[in-house]
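Asker: Sequence plus predicted model, see below.
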Amino acid sequence: MTAWAALMAQARQLGLSCPAPTAEWLERWPCDLSDRMAALLADGWPQAALELGSSTVFGDPAQLVAGLGTDWPPHLLPLARRGAEALGWDARLDRVMVLSTGQLRCEYPSLDEWLTLVTAWLQLAGRAPLAQAGAWTAVDSKTWARLAQGLPAALLQSWTLTATAGAEQVAERLRQERRQALATARWAGVVVGVAPLGGWFLGAAQDPPQPALAAGLAALVVGGAPTLLMGQAMKRARQLTVQLQQVQDLDRPPARD
């Protein structure tokens, strides 16, 4: 059994529909299918897109390459998408390439290497819930530990799983960001709080005294950048608190009825 056929079998065990593409469906694909690609697809193709860490894999190939801002190379079989980048297989060279800003680069030296990653994810994390926290995608810590044991570090850190990590690792990053946001809010709050007092002293020191200076300085600070910065920092801290809760929930055991 080929690595591709083994992957399709694994996907079907998870209840995914992986039929061989029909001629009508293939007409809508954004690539020129070579004999080697056609032989591969005879073993099936997952119809529904899968969330594999931070990437979307399989599903509608046209969706994988939609809106990239550059033409999809017709000799590549679309495999995955993350943001403005897409992954495709060059059957001529047996290389898995990333298209980014119109440039191609090799990300995996062979299709089988990428399939090793995808198969391991389906086996170890196929039904594991994910949490999106800003640029990060979190999976529960036990599942991530199994992936770390079952995959080489290079694959774990490769394009497909970029910005994906265990819940505790992502939670720690979120805590750090929240501490920074709260510190920014505190310092901005201090500036806003002392502005009227500073203005009063400055105004009182003038000869003659200028009490309007205190009001002007206070209005400038309270209505200006420090107040705006404090508001943005507090909003960011609240967002991070919500994200942190969602990520931490991944490691909590399900509630018993």
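Answerer: Received, thanks.
Asker: Please count neighbours and contacts with C-alpha atoms only from this point.
Answerer: Will do.
Asker: Helices of this structure, start to end?
Answerer: 3-13, 23-26, 35-41, 61-64, 111-125, 141-150, 153-156, 167-204, 211-222, 225-249 (DSSP state H).
Asker: Worst mean pLDDT among those helices?
Answerer: Mean pLDDT is lowest for helix 211-222 among those, at a mean of 53.
Asker: Ala133 bridge partners, please.
Answerer: On the basis of DSSP bridges, Ala133 is bridged to Trp136.
Asker: From Trp114, how far off is Ser55?
Answerer: The gap separating Ser55 from Trp114 is 13 Å, by CA to CA, to the nearest Å.
Asker: coming back round to it: closest to Arg105 out of the helices of the chain?
Answerer: Closest of the helices of the chain to Arg105 is helix 111-125, at 14.3 Å (criterion: CA to CA).
Asker: Name the residues that touch the closest one?
Answerer: Defining contact as CA atoms under 8 Å, 6 or more residues apart in numbering, one finds that helix 111-125 is touched by 3-4, 7, 10-11, 52, 89, 94-96, 108, 143, 146-147, 150-151, 155-156.
Asker: buried set for that helix?
Answerer: Neighbour-count burial for helix 111-125 flags 111-112, 114-115, 117-125 (criterion: 16 or more other CA atoms under 10 Å).
Asker: again with stretch 159-176
Answerer: Buried, per 16+ other CA under 10 Å, within stretch 159-176: 159-171, 174.
Asker: still on that earlier bit, specify which member of the buried residues of helix 111-125 is nearest to Ala188.
Answerer: Ala188 has its nearest neighbour among the buried residues of helix 111-125 in Ala125, at 43.0 Å by CA to CA.
Asker: From Glu51, how far off is that closest one?
Answerer: Separation of Ala125 from Glu51 (CA to CA): 10 Å.
Asker: Take the buried residues of stretch 159-176 and lay them out in a markdown table including distance to Ala39.
Answerer: Shown next, in a markdown table, are these (distance: CA to CA, whole Å):
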| residue | distance to Ala39 |
| --- | --- |
| Trp159 | 26 |
| Thr160 | 24 |
| Leu161 | 28 |
| Thr162 | 30 |
| Ala163 | 33 |
| Thr164 | 32 |
| Ala165 | 35 |
| Gly166 | 37 |
| Ala167 | 39 |
| Glu168 | 42 |
| Gln169 | 41 |
| Val170 | 40 |
| Ala171 | 44 |
| Leu174 | 45 |
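Asker: in stretch 35-45, what counts as buried?
Answerer: The neighbour-count check on stretch 35-45 (16+ other CA under 10 Å) flags 37, 40-41, 43-45 as buried.
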